[in-house]
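**Student:** the following comprises the amino acid sequence and a computationally predicted model.
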Amino acid sequence: MSASPWPPSPASAAVVVPLHWTPEQALAVAECLQAMRQALWAAYGPQMQQAWREQLMPDRAPPEFDPDEPF
């Protein structure tokens with residue numbers, strides 16, 4: 001058994017949701033997460049968009065385009 005890296009990376013972190021919460025507790029957590037999301041967006045929106053863009057489109061040149069090459 002290998003040791004898990006700490007802290008876990010966002011891609012490998014498993015989200016564990018307690019199954020013993022009441023519906024009211026689950027709603028309170030969901031509302032808290034929504035408020036956190038809104039606050040993060042207000043504070044870091046443009047930077048978060050840029051980070052997301054960089055994840056989706058790595059820094060490399062697009063492949064060469066040859067109009068004579070068939071599909």
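**Tutor:** Okay, I see it. Residues are numbered from 1 along each chain as shown.
**Student:** per-residue pLDDT of Ala42, please?
**Tutor:** The predicted local confidence for Ala42 comes out at a pLDDT of 97.
**Student:** look up how far Met36 lies from it.
**Tutor:** With distances taken as Cβ to Cβ, to the nearest Å, Ala42 is found 11 Å from Met36. Every C-beta, even on glycine, is put in place using the N, C-alpha and C of the backbone.
**Student:** next, count neighbours for Gly29.
**Tutor:** That one is not Gly; residue 29 is Val. Burial measure for Val29: 13 neighbouring residues, criterion other Cβ atoms under 10 Å.
**Student:** make sure it is actually in contact with Thr22.
**Tutor:** No - with contacts counted by Cβ atoms under 8 Å, Val29 stays clear of Thr22, the gap being 10.9 Å.
**Student:** now for the helix or strand where Ala39 lies, which elements pack on it?
**Tutor:** Assignment of secondary structure by DSSP states H and E places Ala39 within helix 23-56. Helix 23-56 sits against no helix or strand, with contacts defined as 3 or more Cβ pairs under 8 Å, 6 or more residues apart in numbering; DSSP states H and E.
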